[in-house]
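Novice: Here is a sequence with its predicted model. Questions after.
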Amino acid sequence: MAISAKDLTAKDAVAFIKKRPIPIVCGLASLLLLVGAYYRSSTLAEMETQQKQKEDEGKQILENVSNGTNLPEQLDTLVAATKEMESRLVLSSERARNQQYFYRIESETGVKEVSLQPGSSSESTGRGPRHLYTGVGYTVSVQGDYHQILGFLGHLEAGQQFYRLLSASVSRQGQRGGPDATGAIALTLNLELLGLP
C-alpha cells in the first residue's frame, strides 16, 4: 500500500527522520555543499577580476612610489627650465623691441636688411582652448653674400628667441656672369617668434 503525502503527518515525518538519521543528515549536507559550490563558482570569476584589478593597482602604486623618490629635484629642474624658457619669450605688444632682435642679427652678420614687416600672430581664437603662448609673426627680407646669409640663418637658429619658420624663399640678385653680377643673395623669411599674447 502506497502512502501519499496527505496521509503523512508530522508524527510520521519525525519517526521517519529518527529511523534514518545518517542518510538524512548526509542528504542535507550534500544539498548544502551543492548550493555552496554553485554560489562559489558563480562568484569565482568576479573575485578573480577583482584580484587582478587590485594587483594592477598595487603595481601602479609601487611604480609611483619608486618614480616619486626624486620629485622635489625634478620639480626644481622643471621650474628652472620654465623660467629660462620664459626669459626667451617676446611680448606681442612690444613690436619695436622685438624688431631690435632682427636689427642686432643684421649688424652682427653684415647682411643688408631690405624689409622687416610685422606679420599676423597665431593667437587663439574664441573657439577651442586658450593657449598660454602665441606666435608673433614677422616677414624678414635680407640681402648679402653667401656667407652673410648663412651667418644670418645661423644667428637666427642659435639666437635668444625661439622661432617657427613658416616659409622661406631664396633668390640670386643680378645675372650670373653679367656686368651687374654681385654674388648677392636675397632671402625672405616668414616666421613667428614664440611669445606671450
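Specialist: Received it, and whenever you're ready, just let me know what you need. Small disclaimer: the values here were computed from a predicted structure and weren't measured.
Novice: C-alpha only now, for contacts and for neighbours.
Specialist: Fine.
Novice: Now do the buried residues in the strand or helix carrying residue 156.
Specialist: According to DSSP states H and E, residue 156 maps onto helix 146-157. Neighbour counts over helix 146-157 (16 or more other Cα atoms under 10 Å) mark 148, 149, 151, 152, 153, 155, 156 as buried.
Novice: tell me what it is packed against?
Specialist: Judged by 3 or more Cα pairs under 8 Å, 6 or more residues apart in numbering; DSSP states H and E, helix 146-157 is in contact with helix 95-109, strand 185-196.
Novice: what about the helix ranked longest in the chain, distance to the chain center?
Specialist: As assigned by DSSP state H, the longest helix anywhere in the chain is helix 21-67. Chain-centre distance of helix 21-67: 40 Å, with Cα atoms, centre = their mean, to the nearest Å.
Novice: Need the CA coordinates for the helix or strand just after it. CSV is fine.
Specialist: Downstream of helix 21-67, the first helix or strand assigned by DSSP H and E is helix 71-86. Taking C-alpha atoms only, helix 71-86 is exported to CSV below (Å, rounded to 0.1, in the frame of the first residue of the first chain):
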residue,chain,number,x,y,z
LEU,A,71,60.1,64.6,-7.4
PRO,A,72,61.4,67.6,-5.5
GLU,A,73,64.6,67.7,-7.6
GLN,A,74,62.6,67.1,-10.8
LEU,A,75,60.2,69.9,-9.9
ASP,A,76,63.2,72.3,-9.3
THR,A,77,64.6,71.4,-12.6
LEU,A,78,61.3,72.0,-14.4
VAL,A,79,60.8,75.3,-12.6
ALA,A,80,64.3,76.4,-13.6
ALA,A,81,63.8,75.3,-17.2
THR,A,82,60.4,77.1,-17.4
LYS,A,83,62.0,80.3,-16.1
GLU,A,84,64.8,80.1,-18.6
MET,A,85,62.3,79.5,-21.4
GLU,A,86,60.1,82.3,-20.4
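Novice: orientation of helix 71-86 relative to strand 185-196 in degrees?
Specialist: Angle of helix 71-86 versus strand 185-196, following axes from the mean of the first three to the mean of the last three Cα atoms, to 10 degrees, is 130 degrees.
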